[in-house]
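J.: what shape does this take:
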Amino acid sequence: MRSVGRRLGYQYIRHLAAPISSFKSAYSLPDQYYGADNPRWASTLATKGVGHLVRKGTGGRSSVSGIIATVFGATGFLGRYLVQQLAKMGSQVLVPFRGSEDSHRHLKLMGDLGQIVPMKYDPRDEDSIKAVMAKANVVINLIGRDYETRNYSFEEVNHHMAEQLAVIAKEHGGIMRYVQVSCLGASPSSSSKLLRTKAAAEEAILRELPEATVVRPAVMVGTEDRILNPWAHFAKKYSFIPLMGDGSTKIQPVYVVDVASAIIAALKDDGSSMGKVYELGGPDIYTMHQLAELMYETIREYPHYVKIPFPIAKAIATPRELLLKKVPFPLPVPTIFNLDLIESLSTDTVVSENALTFEDLGIAPRKLKGYPVEFLIQYRKGGPNYGSTVSEKISPKWS
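T.: As a prediction, this is how the structure comes out:
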């Protein structure tokens, strides 16, 4: 009976097609009012550089942008903001994860039903990487680690994994855009092992995929960041924060949402970003001392610093690195006293003079002071409005 009903349905649709076409010819309604030919309904994603894409809808989360993106490292800090921006324009996002089932739970709400697809994989298993990349036409690599563990070294995470992804993407044949997220200051001559391995990864990827886009974000600031949060937590616990050196090292922190927007802008362009390297820094340059002042100003507490010379800071951080693979148990994750971070802070990290920047991608990065650091109000000891009056800022003296 099902087959008979299906056959009758097909015959009905075939007979119905002629009246519909005659209706359209009689009233001369052009097709552009019904589909993506109308600029109002068309996707803004450029076809050059991403190939032929099937698009539908108005460009919102229930539309189809044509992008099927595998985002490695999607469960990390930058990943959540990038997945959100991809999903809200109607892209399908494949989320490789190696942790628990809860590691990607927050991402599923960012897209329409079925658009966020978590996929279990092993970064050391080539077949599982090919499986999560099989249906994709865009690959974005956010994988990175700013400290070493017993199981994963800088060389493996930041260099070899990135090179392996580029090789597999090249063999895939259907990857139209490849974006590698590196670090500002990446250089083979850097004193930081992180920055040296990131530079090696860039070289390996551009050798395999000359059309890949490389972005080098500066220190990223946001709700889950790894600079202002550790500082504020340390300040609440110990009533001071340690500054490496004299706090005069210059950095150019950037709002994490702006970095995600820059990656999306690179995907939307006419292919002009392919094969290029972009350095993404915020609009303002801060010394470490000035950034700490901003943190204290936001949490509304008096600043207290202990300036630690670099040799002493390295001596404090070195035992963890020496014992890392010699003890039969995991060591604590370093926050402020991270040896590689201390090495990187020994030199200024700012955008190069002639580098391609946010401006070349049509993005205006936001200033750090204001909304990008408002998440720090959670550290105010008297609630969000604490310290808003003079009387609250003055510590009372009891006789």
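
J.: pretty sure Leu209 contacts His172?
T.: No: contact between Leu209 and His172 fails when scored by C-beta atoms under 8 Å: they sit 10.6 Å apart. From N, CA and C alone the C-beta is placed, and that goes for glycine too.

J.: ok, the two, which is more surrounded?
T.: The neighbour comparison of Leu209 against His172 (other C-beta atoms under 10 Å) goes to Leu209, with 21 against 16.

J.: distance of that one relative to Glu126?
T.: Relative to Glu126, Leu209 is positioned 17 Å away (C-beta to C-beta, to the nearest Å).

J.: now swap in Ala186 and tell me
T.: Going from Ala186 to Glu126 by C-beta to C-beta gives 26 Å.

J.: now Ala265
T.: For Ala265, the distance to Glu126 (C-beta to C-beta) stands at 32 Å.

J.: higher neighbour count, the two?
T.: Ala265 (17 against 12).

J.: what's near enough to touch the closest residue to that one other than its chain neighbours?
T.: Nearest non-adjacent residue to Ala265, counting by C-beta to C-beta, 6 or more residues apart in numbering: Leu361, 4.3 Å away. By C-beta atoms under 8 Å, 6 or more residues apart in numbering, the residues touching Leu361 are Ala262, Ala265, Ala266, Asp269, Ser273, Tyr278.

J.: now with 10 Å?
T.: Listed by C-beta atoms under 10 Å, 6 or more residues apart in numbering, the contact partners of Leu361 are 213, 215, 258, 261-266, 268-269, 272-273, 276, 278, 280.

J.: what of Leu322?
T.: The contact partners of Leu322, by C-beta under 10 Å, 6+ apart, come to Leu339.

J.: list the buried residues in the host helix or strand of it.
T.: For Leu322, the element it lies in under DSSP states H and E is helix 310-323. Neighbour counts using 16 or more other C-beta atoms under 10 Å place Ala313, Lys314, Ala317, Arg320, Glu321 of helix 310-323 among the buried residues.

J.: alpha carbons only: can I get that helix in CSV?
T.: As requested, the backbone C-alpha atoms of helix 310-323 are provided in CSV (Å, rounded to 0.1, in the frame of the first residue of the first chain):
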residue,chain,number,x,y,z
PHE,A,310,62.9,37.6,35.3
PRO,A,311,65.7,35.3,36.6
ILE,A,312,63.8,34.8,39.9
ALA,A,313,60.5,34.2,38.1
LYS,A,314,62.2,31.6,35.9
ALA,A,315,63.7,29.9,38.9
ILE,A,316,60.2,29.7,40.5
ALA,A,317,58.7,28.2,37.3
THR,A,318,61.5,25.8,36.4
PRO,A,319,60.9,23.0,38.9
ARG,A,320,57.6,22.1,37.2
GLU,A,321,59.3,21.8,33.8
LEU,A,322,62.1,19.6,35.2
LEU,A,323,59.7,17.3,37.0
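
J.: immediately after that helix, which helix or strand?
T.: Next helix or strand after helix 310-323 toward the C-terminus (DSSP H and E): helix 339-344.

J.: dump that next one to CSV, keeping only the CA atoms.
T.: Provided in CSV are the C-alpha atoms of helix 339-344 (Å, rounded to 0.1, in the frame of the first residue of the first chain):
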residue,chain,number,x,y,z
LEU,A,339,58.1,29.3,32.3
ASP,A,340,57.3,29.6,28.6
LEU,A,341,55.0,32.6,29.3
ILE,A,342,57.7,34.2,31.3
GLU,A,343,60.1,33.7,28.4
SER,A,344,57.7,35.3,26.0
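
J.: what pLDDT, on average, does that helix get?
T.: Averaging pLDDT along helix 339-344 gives 94.

J.: can you check stretch 109-124 too?
T.: 93.

J.: same check on stretch 280-292?
T.: Average pLDDT, stretch 280-292: 97.
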